[in-house]
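J.: here you go, sequence then predicted model.
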2 protein chains.
Amino acid sequence: MKMSNGVEWALHGCVTLSQSRDPVPAARLAELHGTPPAYLAKHLQALSRAGIVRSTAGQVGGYLLTRPAAAITVLEVVQAIDGTSPAYRCTEIRQQGPLAVPAERCDRPCAIARAMASAQEAWYGALADITIADLAAGIDADSEGTAMADVRRWLTSTA
Amino acid sequence: MKMSNGVEWALHGCVTLSQSRDPVPAARLAELHGTPPAYLAKHLQALSRAGIVRSTAGQVGGYLLTRPAAAITVLEVVQAIDGTSPAYRCTEIRQQGPLAVPAERCDRPCAIARAMASAQEAWYGALADITIADLAAGIDADSEGTAMADVRRWLTSTA
DNA sequence: TAGAACTCGGATAGTAAATATCCGAGATCA
DNA sequence: TGATCTCGGATATTTACTATCCGAGTTCTA
Ligand code: FES
Ligand code: FES
C-alpha cells in the first residue's frame, strides 16, 4: 500500500509547468526540485504517454501542459505514474480448497472485492476533486503569495 | 499503490475464524484457502501482534478472534498486514533546490501532502465502516445462505 | 510425573518491483 | 549543412515482497 515516490515529483513538476508558457526541459525541472535528472525524465515520459504533458524536441524544447491546470486532476497524475490497476486485487481464492465455489457462480466479483472496490472509489473520488490549480493555490497561500511568482521569475531568469 | 497480497488471505482468515468457537490451526486455514501454509502463518503472526487474533499453543492450539466479528473493522486488518504508514509520503523536496523554503517555515505539512492525506482519510474512513461481520454476511448472501454453514461444518468435521 | 506430539514464533533464502542510470534517435536553430 | 540540444526507450542496482525453514513453548497422554 505504498505509492511510488515519483508521484510527488510528477505533482511538483505539473505545478511548476502550470506557471510557464514556454517549454521547460526535464533537466531544468530536476535542478529546481533537487531530484535525479534521468529518473525524473522517465516519469515525465509516463505523463506524456497519458496525455497530460506535451513534449517538444530541439534546442528550445521541453515539456508543457496540454490543458489548463484547473482541468488536470490529481487522480490523472497518480494513475499515469502508478498505474490504473486497483490497489486491492481479488485472486479468487474462493474457487480453491475443499469448499471451492464453482466457477459458474463467480460471474460477479466476490463480496470482499466489492467492499474494497467501493472504499477505493471513495479515495479516487477525493483525488479527482483536486486539481493542479488547487495545489498551486495552496502552495501560494502557504508562502504568502510569493512562491509562484518566484517560480516564474526563476524559470525566465536562467533561460 | 499496490496492496500486499496477504491482506486478502488475512481477511478470508478472519471471516473463517468468526465462524469457529474453538482455536483453528494455521495449517487448517491454509488447507481451506489453498494458500502456502508457512506464508499464511507469517501474516497471522502480524494479526496477533496487532491484537486482532489470539494464539494458543499445544496440541489443541490455534488462532481465535479476540473480539466479536462486528467489532473488527477492515481497516484494522489492512493496517496490521500492510503497515500504518500513509500511502503518500512527502519527502520535503520544497526544502531543496534554488527556491528552497527555509526549514523554519516548514512546521506544517505542505499543501500537496495535506491534500493527499485528506484524500486517504476518505479511503480509511470507508474501510473503517466495514466490519468482518459485514463481509461474512455478504459472502453468505452471495451463496444463498449456505456458505457460512458449510464453513462451520467443515471446521468441525475433520477435527 | 515423564514423554511425545503438536502448536506458534522469529530468523532465513528466492523473486518481483521499484529506483536510478546510460546512450541512441530525432528535431531545432545557427 | 552541421552542430547542439531535446526526448525516448533499453539497461544495471537496490529495495520490498513472497515464500520457506527450523527452534522454543505448551498441551495432552501414558
Ligand atoms: S475471493 Fe478473496 S477477495 Fe474475492
Ligand atoms: S514537499 Fe513535495 S509533497 Fe510536500
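T.: Yes, it's here. Ligands and ions are numbered 1, 2, ... in the order given.

J.: list the buried residues for the host helix or strand of residue A:38?
T.: Following DSSP states H and E, one finds residue A:38 within helix A:37-49. For helix A:37-49, the neighbour count (16 or more other CB atoms under 10 Å in any protein chain shown) marks A:40, A:43, A:44, A:46, A:47 as buried. Where C-beta positions appear, they are placed from N, C-alpha and C, glycine not excepted.

J.: and for stretch A:86-105?
T.: So stretch A:86-105, judged by 16+ other CB under 10 Å, has buried residues A:86, A:87, A:88, A:93, A:94, A:97, A:101.

J.: and for the residue lying closest to residue A:123 once chain neighbours are set aside, the neighbour number?
T.: For residue A:123, ignoring the flanking residues on the chain, the nearest one in space by CB to CB, 6 or more residues apart in numbering or on different chains is residue B:123 at 3.5 Å. Residues lying near residue B:123 (other CB atoms under 10 Å in any protein chain shown) number 23.

J.: mind listing what's buried along the one helix or strand residue B:123 maps to?
T.: Assigned by DSSP H and E, residue B:123 belongs to helix B:111-128. Buried residues in helix B:111-128, defined by neighbour count with 16+ other CB under 10 Å: B:111, B:112, B:113, B:115, B:116, B:119, B:120, B:122, B:123, B:124, B:126, B:127.

J.: tell me the one of those residues nearest DNA strand D?
T.: Set against DNA strand D, the nearest of the buried residues of helix B:111-128 by CB to the nearest atom of the strand is residue B:120 (16.0 Å).

J.: wait, isn't the closest one in contact with residue B:86?
T.: Yes. Contact criterion CB atoms under 8 Å: residue B:120 and residue B:86 qualify, at 5.8 Å.

J.: any idea whether residue A:84 is helix, strand or coil?
T.: Classification of residue A:84 using DSSP: H, G, I helix; E, B strand; the rest coil returns coil.

J.: ok, the one 4 residues further on next?
T.: For residue A:88, the reduced secondary structure class is coil; criterion used: three-state DSSP.

J.: hmm, it is touching residue A:117, no?
T.: Yes. Applying CB under 8 Å as the test, residue A:88 and residue A:117 come out as touching, 7.3 Å apart.

J.: for the residue in chain A positioned nearest to ligand 2, give me its contacts.
T.: Residue nearest to ligand 2 within chain A (CB to the nearest ligand atom): residue A:8, separated by 4.8 Å. Going by CB atoms under 8 Å, 6 or more residues apart in numbering or on different chains, residue A:8 touches B:88, B:89, B:90, B:91, B:93, B:112.

J.: from the residues you listed, which two are the most distant?
T.: Greatest spatial distance among the contacts of residue A:8 (CB to CB): B:88 and B:93, at 13.2 Å.

J.: spell out which parts of chain A neighbour DNA strand D.
T.: Residues of chain A lying close to DNA strand D (CB under 7 Å from any atom of the strand) are A:2, A:25-27, A:38, A:41-42, A:44-45, A:48-49, A:55-59, A:61-63.

J.: please repeat the previous calculation with a cut-off of 10 Å.
T.: A:1-2, A:23-30, A:37-42, A:44-49, A:53-64, A:89, A:91, A:159 (CB under 10 Å from any atom of the strand).

J.: quick revisit: turn the buried residues of helix B:111-128 into CSV, including pLDDT.
T.: Converted to CSV, the buried residues of helix B:111-128 look like this (pLDDT from 0 to 100):
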residue, pLDDT
B:111, 97
B:112, 98
B:113, 98
B:115, 98
B:116, 98
B:119, 97
B:120, 97
B:122, 97
B:123, 97
B:124, 97
B:126, 98
B:127, 98
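
J.: closest one of the residues you listed to ligand 1?
T.: Nearest to ligand 1 among the buried residues of helix B:111-128: residue B:127, at 14.2 Å, using CB to the nearest ligand atom.
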